[in-house]
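*Asks:* Here's my sequence, what's the structure:
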Amino acid sequence: MTALIELVCRAHTNPDPVGPLITLVDGLWAYCEGHGQGPHDWSRIQPTAREQLAAMTRTEERRAS
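*Replies:* Residues are numbered from 1 along each chain as shown. Presented below is the predicted three-dimensional model:
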């Protein structure tokens, strides 16, 4: 079974070419699109697969262009 992401960083929202940072925060999987090393602003989300989060980011990028 794949672990689901339950926290998303709102501080680092610009995609990093290296890819997102995925880490454990207080026992929950957390996703930072900007691969930020500095202070994060974690927001709780519905448990979501990493692939779905990446697809949502690509959709938002296309809308912005």
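
*Asks:* Nearest the middle, which residue of the protein would you pick?
*Replies:* With distances taken as CA atoms, centre = their mean, Tyr31 lies nearest the centre of the chain, 3.1 Å away.

*Asks:* Quick check: it is in a strand.
*Replies:* Yes. Counting by DSSP: H, G, I helix; E, B strand; the rest coil, Tyr31 is located in a strand.

*Asks:* Who is it paired with across the strands?
*Replies:* Beta-bridge pairing of Tyr31 under DSSP bridges involves Val8, Ile22.

*Asks:* What pLDDT is listed against it?
*Replies:* Among the per-residue scores, Tyr31 shows a pLDDT of 94.

*Asks:* Next: Leu53.
*Replies:* Leu53 is assigned a pLDDT of 86 by the prediction.

*Asks:* what's the answer for Gln46, then?
*Replies:* Looking at Gln46, its pLDDT stands at 95.

*Asks:* Ramachandran coordinates for it?
*Replies:* phi -60, psi 140 (degrees, to the nearest 10).

*Asks:* Quickly note the distance from it to Pro39.
*Replies:* To Pro39, Gln46 is 24 Å away according to CB to CB, to the nearest Å. To be clear about C-beta, it is placed using only N, CA and C from the backbone, and glycine gets the same treatment.

*Asks:* And for Ala54?
*Replies:* Here Ala54 is placed at a distance of 23 Å from Pro39 (CB to CB).

*Asks:* quick one, which of these two is more surrounded?
*Replies:* The neighbour count for Ala54 versus Pro39, taken as other CB atoms under 10 Å, is higher for Ala54 (15 against 8).

*Asks:* The more buried one is in contact with Pro20, isn't it?
*Replies:* Yes. Checked against CB atoms under 8 Å, the pair Ala54 and Pro20 is within contact range at 7.4 Å.

*Asks:* what's the weakest-modelled helix or strand in this structure?
*Replies:* The element with the least model confidence among the helices and strands of the chain, by mean pLDDT, DSSP states H and E, is helix 50-64, at a mean of 67.

*Asks:* For the residue lying closest to Ala30 once chain neighbours are set aside, list the residues it contacts.
*Replies:* Distances taken as CB to CB, 6 or more residues apart in numbering place Leu7 nearest to Ala30, at 3.8 Å, with adjacent residues excluded. Contact criterion CB atoms under 8 Å, 6 or more residues apart in numbering gives 25, 28-31, 42-45 as the residues in contact with Leu7.
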